[in-house]
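[1] need coordinates for the following:
(chains A and B)
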Amino acid sequence: MANNMSSKLTYNGKQYTLDEEATLLENLEKQAVSVEFHCRDGHCGACRSQLVSGDVSYTTFPMAYLKDGEVLLCCSKSKKDITIKSLS
Amino acid sequence: MAYTTFSTLSNDAMKEPMFFGNPVNVARYDQQKFEVFEKLIEKQLSFFWRPEEIDVSRDRIDFLNLPDHEQHIFISNLKYQTLLDSIQGRSPNMALLPIVSLPELETWIETWSFSETIHSRSYTHILRNLFTDPNEVFEDIVNNDEIQKRATDISFYYDGLIHAVQFMQLHGLEQNEVPYVNIEGETEKLTLRDIKKKLYLCVCSINALEAIRFYVSFACSFAFAERDLLEGNAKIIKLIARDEALHLNSTQQMLNLWADGKDDPEMAEIAIECFAEGRDIFLKAAEQEKEWAQYLFKDGSMIGLNEEILCQYVEYIANQRMQAIGYEAPFVVKTNPIPWINHWLVSDNVQVAPQEAEISSYLVGQINSTVDSEDLSSFEL
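    Below is the predicted model of the structure:
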């Protein structure tokens, strides 16, 4: 059961594989999902998304203003199954 | 309520609102009410750059080879950018510093405005290279009707706030002996809440400037560079865009902190009261930028960008930015009409090793490598 490769990233209802070493944005891009981004450094807020379930850890201080339950995809990683969706 | 440069009143900045509390006395950053402003200062300082570091000498040839209508697009865009940064290089300081109450926010405002002055200096750097005498270009900024229309709208909220705050700090708010005559020459009953409202609308207007107006001009600069033209200019604009993302972040923070009731409770009420007015400021800015696009492309389009595409981008970026501060997206456009702009806006791509770029301040062998035996005279084994 210790196979971490089976972690899943669910985005807008669709399931993708989750690479724990890559940011959520990189994960989606690698699987040909186009997601809004600008700075890729946590300060512009272009990749702000809704965290439905799961947890993220940030690789840099997320500077963009986040309301409760929102995450920045460009600078966050996840070790477990995670569900996110776009804001609009 | 006069302004004081160092209030001797002992106060706890952790309990102050962002604005209109006690004036900041000790500039201390060991504790922050809103950590993000400290992070913004650090980031902005780490972004420091100087216009002279970028070689723009090749741009002159590109510029001279452009057809007339493209020269018009390029120069008008540069004039507009010069105007925006002329305003931003001073106005946050003038308008916000006299009323700020948090040390980290005070320093952020100064850092922010300072970085805008670097932008202004870089426009001179660009123009000096393109023209033997750039005087005519600079002079047109105050004479050109199209640019004037924007200038008046941008400075309106700043000026109104500055005027009211100056009155309050000079006369107080009693208005028994001296009535308040506002900037338009009309008598107005002024309360602290009225001034807070002016502050709120002013920050909405700054936000629209940083969020939409700047990005429309960036799109034009980058469109030339996408065709491998005027690349020195684009390199500078890329650095400017990287800074502007931080400035935009800070005004979004202020608006969201107020709206979410995390700062002054009265500002939370004002955010609701002025919700529609704040929206109108944004929509008007978007409208003006579309008119600007019409002016830019009046004599013809350029490859990769025309009036229609730029207008779609205005709507697209307005949607994004308005959603970031709690408004519904007002326009139907869903996807970015110029997706190539994103790679110009990536922050971590900007950093280049000094030896790889033409950076004048990067000196090889700064240490004196000639050693005289005299230098070792005091050396013992």
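[2] A:Met63 contacts A:Cys74, doesn't it?
    No: judged on CB atoms under 8 Å, A:Met63 makes no contact with A:Cys74 at a distance of 11.1 Å. All C-beta atoms are positioned from the backbone trio N, CA, C, and that covers glycine.
[3] with neighbour numbers in mind, choose between these two.
    Using other CB atoms under 10 Å in any protein chain shown as the criterion, A:Met63 and A:Cys74 rank with A:Cys74 on top: 31 against 26.
[4] just to revisit the earlier point, need the residues touching each of A:Met63 and A:Cys74.
    Jointly contacting A:Met63 and A:Cys74 under the rule CB atoms under 8 Å, 6 or more residues apart in numbering or on different chains are A:Gly42.
[5] for chain A, give me the ranges with low pLDDT.
    Across chain A, the ranges flagged by pLDDT under 70 are A:1-5.
[6] flag the shaky bits of chain B, pLDDT-wise.
    Within chain B, the stretches with pLDDT under 70 are B:348-369.
[7] get me the contact residues on it for chain A.
    B:36, B:39-40, B:43, B:242, B:245-246, B:248-249, B:252-253, B:256-257, B:260, B:319-320, B:323-324, B:329, B:336, B:342, B:345-348 (CB under 8 Å from any CB of the partner chain).
[8] in strands only, show me these.
    Assigned to strands by DSSP state E, none of the residues of chain B next to chain A qualify.
[9] what subset of those residues is buried?
    Applying 16 or more other CB atoms under 10 Å in any protein chain shown to the residues of chain B next to chain A, the neighbour count classes B:36, B:39-40, B:43, B:242, B:245-246, B:248-249, B:252-253, B:256-257, B:319-320, B:323-324, B:329, B:336, B:345-347 as buried.
[10] tell me which of the residues of chain B next to chain A fall in helices.
    Secondary structure assignment by DSSP state H places B:36, B:39-40, B:43, B:242, B:245-246, B:248-249, B:252-253, B:256-257, B:319-320, B:323-324, B:342, B:345 of those in helices.
[11] residues contacting the residue in the stretch 1-150 of chain B that chain A sits nearest to?
    Nearest residue of the stretch 1-150 of chain B to chain A: B:Lys39, at 5.4 Å (CB to the nearest CB). The neighbours of B:Lys39, taking CB under 8 Å, 6+ apart as the test, are A:Phe61, A:Met63.
[12] B:Asp263 now?
    Here B:Asp263 is in contact with B:Pro17, B:Met18, B:Leu257 (criterion: CB under 8 Å, 6+ apart).
[13] looking at those residues, which is nearest A:Leu24?
    Closest approach between these and A:Leu24, by CB to CB: B:Leu257, at 25.6 Å.
[14] which residue is the nearest non-sequential neighbour of that closest one?
    Excluding its sequence neighbours, the residue lying closest to B:Leu257 (CB to CB, 6 or more residues apart in numbering or on different chains) is B:Asp263, at 4.7 Å.
[15] check B:Phe218 too.
    Distances taken as CB to CB, 6+ apart place B:Ala241 nearest to B:Phe218, at 5.1 Å, with adjacent residues excluded.
[16] same deal with B:Leu283?
    B:Pro330 (6.5 Å).
[17] same check on A:Gln50?
    A:Lys85 (4.9 Å).
[18] what is the neighbour count of the one you found?
    Using other CB under 10 Å, A:Lys85 has 13 neighbouring residues.
[19] ok, now A:Leu9?
    21.
[20] which helix or strand contains it?
    In this structure, A:Leu9 sits in strand A:8-11 according to DSSP states H and E.
[21] and what of A:Leu51?
    strand A:48-53.
[22] over to B:Arg150?
    Going by DSSP H and E, B:Arg150 is in helix B:145-171.
[23] any buried residues in that helix, and which?
    So, applying 16+ other CB under 10 Å, buried residues of helix B:145-171: B:146-147, B:150-151, B:153-154, B:156-165, B:167-168, B:171.
[24] who are the contact partners of the spatially most central residue of chain A?
    Nearest to the mean C-alpha position of chain A, by CA atoms, centre = their mean, lies A:Leu24 at 3.2 Å. Counting by CB under 8 Å, 6+ apart, A:Leu24 makes contact with A:Leu9, A:Val56, A:Val71, A:Leu73, A:Ser76, A:Lys77, A:Ser78, A:Ile82, A:Ile84.
[25] my guess is B:Met18 contacts B:Asn256, does it?
    No: look at B:Met18 against B:Asn256 with CB under 8 Å: they stay out of range, at 11.8 Å.
[26] any idea where the helices of the chain begin and end?
    This is for chain A. A:24-30.
[27] hmm, no, I was thinking of chain B.
    Under DSSP H, chain B gives helices at B:35-46, B:59-65, B:68-88, B:91-96, B:103-130, B:135-143, B:145-171, B:192-208, B:214-226, B:231-259, B:265-273, B:275-296, B:307-324, B:342-345.
[28] name the residues of chain A found near chain B, please.
    Within chain A, the residues that sit near chain B (CB under 8 Å from any CB) are A:36-41, A:43-46, A:48, A:61, A:63-65, A:67, A:87-88.
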